[in-house]
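>>> Using only what follows, build the 3D model:
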Amino acid sequence: MSNSLSPAAVESRAVERLVQGVATSDGAGVRLIRVLTQPLQRRLDPFLMLDAFRNENPDDYIGGFPDHPHRGFETVTYMLAGRMRHRDSAGNEGLLEPGGAQWMTAGSGLIHSELPEQEDGLMEGFQLWLNLPAKNKMIAPSYRDLPASAIPEFVADGGVRVRVIAGDSHGVAGAVQRPDTEPLYLDVHLPAGKRFAQPLPAGHNAFVFVYRGEVAIGDTVVRDRHMAILANDGREGVAIQAAQDARLLLIAGKPLNEPIAQYGPFVMNTGDEIQQTLVDYQRGQFEAARVRAL
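The predicted structure follows:
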């Protein structure tokens, strides 16, 4: 599918600040870059975390993420390379492969694992945490596996390729639509010298994460493995120019403007709710979670 885009028609937001991801490890020693950290949660509401992993050495990913609980938010895992097996406490199982994604709503709570299904080669992808509104914190868990073929994409003038994981881009509806937070999640491939423009609601928080090459947003250069937080300056879009072949995530959403109480893999609205979550987990209630399809 080919689209003709007009960057000139979009008045681009400026870059408020650049953020370089923090190297860390999680799960059973998986090395990753934590791009959206806890201090940025209020600024980038409704997004809670973004991890990027890109490892050639199997020692840096082979342990994966053994059984661990979640409650109160959604996880979006998007794979570029490698294979990851998902299993959860309701007996569900799925295989994440290159170009595919999984959208999981933890809701009232479940236990799951994400383990590599390879012993060598590149493992690359992202995990985004998206908050749930207070009214939906305790809904039944759900999930949806999205193979690469289920993610719509289009090619615009000059070979700009856009994969629409969530939301809508230039008339192309994404694989997932979510209420309340109204997330936009695009994977954009920009050839050198090309430009991509995307409308954004003025009230939505938005950021760009470059994972290959280098781009410019206005006068600001955004390099590989850097996040550009887009200013909430009333402008209803962003225009991105590639200085060289580049790939990036463009993510935006409607803020919930609710209190955030986080304790590790649990995200609620109050400390009391966190304490109740710990009690429920210790009593084994997450083991009995029943997961429905999104």
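
>>> burial count for the closest residue in space to G159 that isn't next to it in sequence?
Using CB to CB, 6 or more residues apart in numbering and skipping the chain neighbours, the partner closest in space to G159 is P191 (4.8 Å). From N, CA and C alone the C-beta is placed, and that goes for glycine too. For P191, the number of neighbouring residues by other CB atoms under 10 Å comes to 14.

>>> middle-most residue in the protein, spatially?
When CA atoms, centre = their mean is applied to the chain, the residue found nearest the centroid is L128 (3.0 Å).

>>> and it, what pLDDT?
Per-residue confidence (pLDDT) for L128: 98.

>>> Could you measure from it over to L278?
Relative to L278, L128 is positioned 25 Å away (criterion: CB to CB, to the nearest Å).

>>> same check, this time on A52
Counting by CB to CB, the gap from A52 to L278 is 29 Å.

>>> Please enumerate the helices of the chain.
Counting by DSSP state H, residue ranges of the helices within the chain are 271-282.

>>> pLDDT below threshold where in it?
Across the chain, the ranges flagged by pLDDT under 70 are 1-9, 288-293.

>>> hmm, try it at 80
1-10, 90-91, 288-294 (pLDDT under 80).

>>> How about the nearest residue to L249 once chain neighbours are set aside: which residues does it bridge to?
Computed as CB to CB, 6+ apart, the closest residue to L249 that is not its neighbour in sequence is F209, at 4.6 Å. Assessed by DSSP bridges, F209 has beta-bridge partners M227, L249.

>>> Could you do the one 5 residues further on as well?
When bridges are taken as DSSP bridges, the partners of E214 come out as R223.

>>> And for it, the neighbour number?
Neighbouring residues of E214 were enumerated by other CB under 10 Å; the total is 18.

>>> re the thing from before, contacts only, for the residue nearest to the centre of the chain.
36, 47, 49-50, 75-76, 78, 185, 251 (CB atoms under 8 Å, 6 or more residues apart in numbering).

>>> Take those residues and keep only those in strands.
Taking DSSP state E, the ones among the contacts of L128 that sit in strands are 36, 47, 49-50, 75-76, 78, 185, 251.
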